[in-house]
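K.L.:
next one to model:
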Amino acid sequence: QVQLVESGGRLVQAGGSLRLSCTASTRTFSMYAMGWFRQAPGLEREFVAAISWSGGSTYYADSVKGRFIISRDNAKNMVYLQMNSLKPEDTAVYYCAARNILSSVLTTDRTAYDNWGQGTQVTVSS
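P.N.:
Predicted coordinates for the structure are as follows:
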């Protein structure tokens with residue numbers, strides 16, 4: 001099991017930027033593909049972005065493509081989500097997720113991820 005802890009969420013104005021961080025407590029972090037998901041009130045948890053174990057492959061939801069950037073630092077056991085040009089519809093709890101797989105093939109399916117953080121709230125005001 002991997003313990004994941006997100007941070008960086010806060011209230012921000014539309015058009016602003018935020019960087020979310022996720023710390024993983026495992027000695028084998030580089031063996032995990034990582035993902036970011038989000039859940040707004042009354043809605044299902046949805047895929048935002050994913051990155052392969054090496055960082056060589058990334059994938060984004062259409063709604064955030066060109067605005068968000070996922071990255072990782074395997075030496076620090078960290079994964080990041082840089083969010084730019086934020087919109088009110090980006091308001092949600094953002095979750096970090098880990099999937100133990102050494103593959104460049106990424107998935108948007110939340111059931112494929114084995115480990116989840118507790119989430120961090122991002123609120124974008126108009």
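K.L.:
only C-alpha atoms for contact and neighbour calcs from this point on.
P.N.:
Will do.
K.L.:
my guess is residue 37 contacts residue 98. True?
P.N.:
No - using CA atoms under 8 Å, residue 37 is not in contact with residue 98, being 10.9 Å away.
K.L.:
more neighbours: which of the two?
P.N.:
residue 98 (27 against 21; other CA atoms under 10 Å).
K.L.:
now the more buried one. Nearest residue, chain neighbours left out?
P.N.:
Leaving aside its sequence neighbours, residue 98 sits nearest to residue 34 (CA to CA, 6 or more residues apart in numbering; 4.6 Å).
K.L.:
what about that neighbour, how many neighbours?
P.N.:
32.
K.L.:
next, count neighbours for the nearest residue to residue 84 once chain neighbours are set aside.
P.N.:
Nearest non-adjacent residue to residue 84, counting by CA to CA, 6+ apart: residue 17, 4.4 Å away. By the criterion of other CA under 10 Å, residue 17 has 16 neighbours.
K.L.:
what bridges to the residue nearest to residue 98?
P.N.:
residue 51, residue 98 (DSSP bridges).
K.L.:
and what of residue 92?
P.N.:
residue 122.
K.L.:
what sits against residue 117?
P.N.:
3, 4, 5, 6, 95, 96, 97 (CA atoms under 8 Å, 6 or more residues apart in numbering).
K.L.:
quick check: closest non-adjacent residue to the residue nearest to the spatial centre of the chain.
P.N.:
Central residue of the chain (CA atoms, centre = their mean): residue 36, 2.2 Å from the mean position. In space, and not counting its chain neighbours, residue 36 is closest to residue 96: 4.7 Å by CA to CA, 6+ apart.
K.L.:
need the contact list for that neighbour.
P.N.:
If you count contacts by CA under 8 Å, 6+ apart, then residue 96 has 4, 5, 6, 22, 34, 35, 36, 37, 116, 117, 119 around it.
K.L.:
mind checking the end-to-end distance for stretch 60-71?
P.N.:
Terminal residues of stretch 60-71 are spaced 12 Å apart (CA to CA, to the nearest Å).
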